[in-house]
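Engineer: Generate coordinates for the sequence data below:
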Amino acid sequence: MTARSFFPEVDTDEIARITGWTPGHIVWAFPFWLWMMERGVRIHEYDTIDYAAWAERGIAGLEESLDAASLDYVTQRTEDLKACEEPLRRCLTHPNFAFSRQEPDLATLRRSLSPGSVCEAAVCSKTLDREPGFSLHKVVVLKAPDDRVDLHDPVWPGASPRPFREVAVEDFMAAWQLGKELTVYERDQA
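Structural biologist: A predicted model of the protein is given here:
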């Protein structure tokens, strides 16, 4: 949904090709971000990972901002973690990219929601669905009024169809704090 918000002609096969999507693996956004930024989209990323350290020192730099369990999760579920380094370096130096190393909060999310933006949050889909376990998943936040969060929650193989859904703000926050990431995409409304 993020790409289609700006480029309606793009299909999921094209996005899978751009990102190098492999079933069962983490899809790091760096190639997708580069693709979007080259088309005039500005990106502001909020994350607790130290992207600068990762870009500078490789996996050793990434290790500095992840606890052992998170590092194991990322290492086991990324097809080629080293291959992320060059696209990450290019993102960090791109004029359309801004990065804030911080845990995003609800106030930041609400400020970022505007007619020209798309806000993508990493959540634990298991927590969001009140199920046991852990599985990171990205959703697009459409609105965040006081008592709920309206989402576009893409369907993945084997999941129940539910592309648009409302969740209680407390459920969203519990799931989001496990993902600790917010990406805001914007394009001039000229």
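
Engineer: Just list the residues touching the nearest residue in space to residue 84 that is not next to it in sequence, thanks.
Structural biologist: Closest residue to residue 84 apart from its sequence neighbours, by Cβ to Cβ, 6 or more residues apart in numbering: residue 28 at 4.9 Å. Placement of C-beta: from N, CA and C, glycine included. Residue 28 makes contacts with 19, 78, 84, 87-88, as judged by Cβ atoms under 8 Å, 6 or more residues apart in numbering.

Engineer: export the residues you listed to TSV and tack on distance to residue 172 and secondary structure?
Structural biologist: Formatted as TSV, those follow (distance: Cβ to Cβ, whole Å; DSSP: H, G, I helix; E, B strand; the rest coil):
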residue	distance to residue 172	secondary structure
19	25	helix
78	26	coil
84	28	helix
87	29	helix
88	28	helix
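
Engineer: Just send the residues you listed back as JSON lines, with pLDDT, neighbour count and distance to residue 94 too.
Structural biologist: Putting the contacts of residue 28 into JSON lines (pLDDT from 0 to 100; neighbours: other Cβ atoms under 10 Å; distance: Cβ to Cβ, whole Å) gives the following:
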{"residue": "19", "pLDDT": "87", "neighbour count": "17", "distance to residue 94": "17"}
{"residue": "78", "pLDDT": "91", "neighbour count": "16", "distance to residue 94": "22"}
{"residue": "84", "pLDDT": "94", "neighbour count": "23", "distance to residue 94": "15"}
{"residue": "87", "pLDDT": "97", "neighbour count": "19", "distance to residue 94": "10"}
{"residue": "88", "pLDDT": "97", "neighbour count": "24", "distance to residue 94": "11"}
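
Engineer: Tell me the one of those residues nearest residue 141?
Structural biologist: Distance to residue 141 across the contacts of residue 28 (Cβ to Cβ) is lowest for residue 19, with 20.2 Å.

Engineer: right, and that closest one touches residue 33 too?
Structural biologist: No - counting by Cβ atoms under 8 Å, residue 19 does not reach residue 33; the two are 9.8 Å apart.

Engineer: one step back: name the SS class of the residue nearest to residue 84, please.
Structural biologist: coil (DSSP: H, G, I helix; E, B strand; the rest coil).

Engineer: all helices of this protein, in order?
Structural biologist: Using DSSP state H, the helices of the chain run over 2-6, 12-19, 30-37, 51-57, 59-63, 68-77, 85-92, 106-112, 125-128, 169-179.

Engineer: Identify whichever of those lies nearest to residue 142.
Structural biologist: Nearest of the helices of the chain (Cβ to Cβ): helix 2-6, 10.4 Å.

Engineer: can you pull the buried residues of that closest one?
Structural biologist: 2-3, 5-6 (16 or more other Cβ atoms under 10 Å).

Engineer: quick revisit: which of the contacts of residue 28 sits closest to residue 131?
Structural biologist: The closest of the contacts of residue 28, once distances to residue 131 are taken by Cβ to Cβ, is residue 78, at 23.7 Å.

Engineer: which residue sits closest to the closest one, ignoring its sequence neighbours?
Structural biologist: Using Cβ to Cβ, 6+ apart, the closest residue to residue 78 is residue 26 (4.9 Å).
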